[in-house]
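Peer 1: what follows is a predicted protein model with its sequence.
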Amino acid sequence: MFRRFSRKLVAECAHYLRVDDLIAPYATELHTCPICGLEMLAAEAGEGVPFYWRCTEKGCYTRSISDEPLKDGMHVLSCGSEPRFGYWGEQPSWLCSCGKKHHRKLQRNDLKLPKMRALIPKKSWARVCREVGFDPGSGAQEQMHFD
């Protein structure tokens, strides 16, 4: 319907709705949940961000549509290197292992990923759970073990 009015309007709508970001995962296997393997769906978010990805299993896993897809069950920072656990100021964060100052705030969902959880030292586990609001006794927790 928008094509009748203008191609520019179609392009603006596609850009605002992030159509390319919504379609891209379906060209690969990136549209499955890293926790349970079910399908990840685009869901409506709040203002400023029209969508986010969520697992079809309620409460399983979510991620921002702008987050890079996981690689082998782990987040990768902007430089492409694997993260290591640390603190950026007072916030638990994923720090860059390349030596530069790339970082990403640790989120509750990160603790559901076994490979990301394995990066957190046992002595820091309780504090991190408290700081990000992760319930160590949740059902997702039962599937994960420290190495």
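Peer 2: Done, it's in. Residues are numbered from 1 along each chain as shown.

Peer 1: where does the chain have its least confident helix or strand?
Peer 2: helix 139-142 (a mean of 46; mean pLDDT, DSSP states H and E).

Peer 1: can you list the domains in the chain?
Peer 2: Per the record, the chain has its domains at 1-67, 70-134, by automatic domain parsing.

Peer 1: centre-most residue in the protein?
Peer 2: Central residue of the chain (Cα atoms, centre = their mean): Arg63, 3.6 Å from the mean position.

Peer 1: so it is in which element?
Peer 2: strand 62-64 (DSSP states H and E).

Peer 1: what's the answer for Ser93, then?
Peer 2: strand 91-96.

Peer 1: which strands and helices sit next to that strand?
Peer 2: With contacts taken as 3 or more Cβ pairs under 8 Å, 6 or more residues apart in numbering; DSSP states H and E, strand 91-96 sits against strand 83-88, strand 103-105, helix 122-132. All C-beta spots, glycine's among them, are computed from the backbone N, C-alpha and C.

Peer 1: quick one, what contacts the closest residue to Gly86 other than its chain neighbours?
Peer 2: Leaving aside its sequence neighbours, Gly86 sits nearest to Leu95 (Cβ to Cβ, 6 or more residues apart in numbering; 4.2 Å). Taking Cβ atoms under 8 Å, 6 or more residues apart in numbering, we find Leu95 in contact with Pro83, Arg84, Phe85, Gly86, Trp88, His102, His103.

Peer 1: pLDDT wise, what is the fourth one at?
Peer 2: If you check Gly86, the pLDDT there is 91.

Peer 1: what count of nearby residues applies to it?
Peer 2: The local packing of Gly86 (other Cβ atoms under 10 Å) involves 16 other residues.
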